[in-house]
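K.L.:
Turn this into a model:
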Amino acid sequence: MLISADHDVIRLLADPLRARIVELLAEGAACTCHLVEDTGATQPNVSNHLRALRQAGVVVPEPRGRYTFYRLRPEVLDGAARHLAALAERARASGDVRREC
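P.N.:
Now for the predicted structure:
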C-alpha cells in the first residue's frame, strides 16, 4: 500500500510507456489495439500497463461490443499535479534553508 493515491499516480507515470499511454488517452478514449499501434509496444505489455493504470484509478474501462475502450480520469491527474505543485512551492519557500551537518 502506498502513502497516497497522488504518489501512486506519480510513480506510475514515471514509466515512459505508461506516460505515453496517458498522453494518448488525453486525446480521447482508445482501445488496446489503438494503443498498441500508436506506441509500438506489444499487446500484452500495453494490457499490463492499462491494468496498473486502471487499478490506480487513472483510467476507466468502457466496454463497446467486442472491445474495451479506456478513458482518462482527469481529476486523478489533477490531484497528482496539485501534489507536485505543493512540493514545488515548499522547495521555493525553503530555498535558503540548509540542514546542519
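K.L.:
Please give me every residue in contact with P63.
P.N.:
The neighbours of P63, taking CB atoms under 8 Å, 6 or more residues apart in numbering as the test, are F69. For every residue, glycine as well, the C-beta is placed using N, CA and C.
K.L.:
In its sheet, which strands sit next to the helix or strand hosting it, and in what direction?
P.N.:
Counting by DSSP states H and E, the element that carries P63 is strand 59-64. In the sheet, strand 59-64 lines up against strand 67-72 (antiparallel) (DSSP bridges).
K.L.:
Mind listing what's buried along the partner strand?
P.N.:
For strand 67-72, the neighbour count (16 or more other CB atoms under 10 Å) marks 69-70, 72 as buried.
K.L.:
can you put these in CSV and add pLDDT?
P.N.:
As requested, the buried residues of strand 67-72 are exported to CSV (pLDDT from 0 to 100):
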residue, pLDDT
F69, 97
Y70, 98
L72, 96
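K.L.:
In terms of helices and strands, where is S47?
P.N.:
Judged by DSSP H and E, S47 forms part of helix 43-55.
K.L.:
which strands and helices sit next to that helix?
P.N.:
Applying 3 or more CB pairs under 8 Å, 6 or more residues apart in numbering; DSSP states H and E, one finds that helix 43-55 makes contact with helix 16-25, helix 32-39, strand 59-64, strand 67-72.
K.L.:
helix or strand right after the last one?
P.N.:
Think strand 67-72. Note on strand 67-72: by DSSP H and E, the next helix or strand toward the C-terminus is helix 74-93.
K.L.:
Can you report how many residues lie near the nearest residue to L84 once chain neighbours are set aside?
P.N.:
Leaving out its chain neighbours, the residue that sits closest to L84 by CB to CB, 6 or more residues apart in numbering is I10, at 7.0 Å. By other CB atoms under 10 Å, the residues close to I10 number 17.
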